[in-house]
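Novice: The amino acid sequence is not available; the structure is as follows:
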């Protein structure tokens, strides 16, 4: 069956390729623990299963863009006000921020 599909599609997939794809999807599923994936794959060591946690290029780019969006929101937010009883000038000296 694989040979016919590969010939039709012009690909050279293997059963191992399908196993790797399934393992990567399971490892990224927030509802499954990595030890669950380890058990399904039959790995003796969790470190073997961890190779499926390597992010794709698109996932890294998405994460970096989300990080920068969060940072810009933090910079735009007004600085927190000190709790009653604290001297703002003393706090600015302590934390190195202008009062």
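Specialist: Sure thing, it's come through. Since we're looking at a predicted model, the values are computed, not measured. Numbering: from 1, shown residues only.
Novice: For the closest residue to residue 36 other than its chain neighbours, the count of nearby residues, please.
Specialist: Spatial nearest neighbour of residue 36, excluding adjacent residues (CB to CB, 6 or more residues apart in numbering): residue 26 at 7.6 Å. In this view, the C-beta of every residue, glycine as well, is placed from N, C-alpha and C. Using other CB atoms under 10 Å, residue 26 is surrounded by 18 other residues.
Novice: Then the one 4 residues further on?
Specialist: Residue neighbour count, defined by other CB under 10 Å, stands at 5 for residue 30.
Novice: what's near enough to touch it?
Specialist: By CB atoms under 8 Å, 6 or more residues apart in numbering, residue 30 lies in contact with nothing.
Novice: Where does the residue nearest to residue 36 fall, secondary structure wise?
Specialist: In this assignment (DSSP states H and E), residue 26 forms part of helix 15-28.
Novice: Give the buried residues for that helix.
Specialist: 23, 24, 26, 27 (16 or more other CB atoms under 10 Å).
Novice: shouldn't the last one be in contact with residue 49?
Specialist: So the one you mean is residue 27. Yes. With contact defined as CB atoms under 8 Å, residue 27 reaches residue 49; the gap is 7.0 Å.
Novice: Name the residues contacting each of those two.
Specialist: With CB under 8 Å, 6+ apart, residue 27 and residue 49 have common neighbours 34, 37.
Novice: ok, longest helix in the chain?
Specialist: helix 57-76 (DSSP state H).
Novice: tell me the mean pLDDT over that helix?
Specialist: What helix 57-76 shows for mean pLDDT is 89.
Novice: quick one: the helix or strand following it to chain centroid distance?
Specialist: Once the chain leaves helix 57-76, the next helix or strand it forms, by DSSP H and E, is helix 88-95. Computed by CA atoms, centre = their mean, to the nearest Å, the separation of helix 88-95 from the middle of its chain amounts to 37 Å.
Novice: One more: stretch 44-57?
Specialist: On CA atoms, centre = their mean, the centre of stretch 44-57 falls 12 Å from the chain's centre.
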